[in-house]
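In: below: sequence and its predicted model.
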Amino acid sequence: MPEKTDVYYSDYLRLDAVLNAQNPESDKKGVEAHDEMLFIITHQAYELWFKQIIYELDSITDLMEAPEVKDNSPAMQTVVHRTERIITILRLLVDQINVMETMTSLDFLDFRDLLRPASGFQSVQWKALEARLGLRFEDRHGKGYYTSQLREEDVSSVKDTEQRPSLLELLNLWLERMPYLDFLDDRADRSDPGGHPFWQDYKKAYSESLLRIEQSNTVLFDALLFGKNENPDRRLSSAACRAALFIVLYRGYPLLQMPYRLMNGLLEIDELMATWRTRHMNMVHRMIGARVGTGNSTGRAYLKAALDKHYVFSELAELNGLLVARKSLPELPESLARMLGFSGFEGFLEKK
């Protein structure tokens, strides 16, 4: 057994390296620029939090890659817990912009030109974070610029990350395995989900809830849930969409609480990342106006276009347009209701 040695605080945290990792360019050039230290520390803190988010994402995707992820299993509880941790970190990252905004435009100009061509666009971890969630290269804004500012080894790192199964892809596979239809009834051909009495009843309730100007939504209903004239670029299959919608509709049942919290958490991650991009975009506009970024991007214009395009879980959000009020929900068979309420749930879980 190895001899136990005392652990010292600064040694454990490697504070010698961390606290000496700030080397302002203004100091090297003999330029007075007090706020460059704030700029460096803020961005270093961002990168540390990006590392933690990727660490959590890797653990989540490892769990989701299992052949079975039961709805209320310890594994699913861990997935939800770590997803909610990512949400808390993202809230912190949004708030951290408040610290950056204590720097004025003139404060930034004291050292801005010394940074070229370094830019936040060179953050390999941010690109990896987006890819691990499910943002594909072909869906990115400014694909030509995306890796043009990176060193060769960083380009390779990003491309390797993009080849790994993303959380969105694993979510789709997990939702497709949901066996709720096996517990509804046997009055319809399983090869035609749209002909199932449950979905016929639900579509009728949905159609009756629409305003006259919304009647075309039934086309979207058929496309998303039953693949009719489906967009081939969609990331969630019609089977996954049916399962996701079913979870949202009947989330009041205990067995569906964890799956619902996971999907709701992914929507919150999308929202917080969009909020972060918005705050960043507005800060850039406030700081440099119409000038180009230090990496020679179009600055605010580039950030605005990326904001509009880089939602990862928008297909989940789209399903919320297919909801009906609780009072209009089709009643579930008693056997399924009991299983979803943990009464005799073991048989249900064995199907998962």
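Out: Now that the structure is in, tell me what you want to look at.

In: list phi and psi for R338.
Out: Phi and psi for R338, reported as degrees, to the nearest 10, are phi -60, psi -40.

In: state the number of residues packed around it.
Out: By other CB atoms under 10 Å, 16 other residues sit near R338. In short, each C-beta sits where N, CA and C put it, glycine included.

In: how about N72?
Out: Using other CB under 10 Å, N72 is surrounded by 18 other residues.

In: for the one 10 residues further on, same thing?
Out: Summarising burial for R82: neighbours were counted as other CB under 10 Å, giving 19.

In: which ones are touching it?
Out: The neighbourhood of R82, defined by CB atoms under 8 Å, 6 or more residues apart in numbering, consists of 56, 59-60.

In: one more time with 6 Å, if that's ok
Out: For R82, the contact set (CB atoms under 6 Å, 6 or more residues apart in numbering) comprises 56, 60.

In: what pLDDT does the model give it?
Out: Confidence at R82, expressed as pLDDT, is 98.

In: for the one 10 residues further on, same thing?
Out: Reported pLDDT at L92 in the predicted model: 97.

In: repeat for G347
Out: pLDDT, G347: 49.

In: lowest-confidence helix or strand of this structure?
Out: Here the helix or strand of the chain ranked lowest by mean pLDDT, DSSP states H and E is helix 346-351, holding a mean of 49.

In: give me every residue that touches A205.
Out: A205 neighbours (CB under 6 Å, 6+ apart): 324, 328.

In: list the buried residues for the helix or strand encompassing it?
Out: Under the criterion of DSSP states H and E, A205 resides in helix 197-209. Neighbour-count burial for helix 197-209, counted by 16 or more other CB atoms under 10 Å, picks out 198-199, 202-203, 206.

In: just checking, what packs against the helix or strand following it?
Out: Counting by DSSP H and E, the next helix or strand C-terminal to helix 197-209 is helix 217-226. Secondary-structure packing of helix 217-226 (3 or more CB pairs under 6 Å, 6 or more residues apart in numbering; DSSP states H and E): helix 238-249.

In: who does the helix or strand following the helix it packs on touch, helix- and strand-wise?
Out: Using DSSP H and E, the helix or strand that follows helix 238-249 towards the C-terminus is helix 257-288. Judged by 3+ CB pairs under 6 Å, 6+ apart, helix 257-288 is in contact with helix 74-100, helix 300-309, helix 314-318.

In: got TSV for these, with distance to R242 too?
Out: As requested, the helices and strands packed on helix 257-288 are exported to TSV (distance: least, CB to CB, whole Å):
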stretch	distance to R242
helix 74-100	20
helix 300-309	27
helix 314-318	13
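
In: rewinding a little: and which of the buried residues of helix 197-209 is nearest V94?
Out: Among these, Y206 lies closest to V94 (CB to CB), at 35.1 Å.

In: just to revisit the earlier point, closest to L220 out of the helices and strands packed on helix 257-288?
Out: The minimum distance between L220 and the helices and strands packed on helix 257-288 falls on helix 314-318, with 8.0 Å, by CB to CB.
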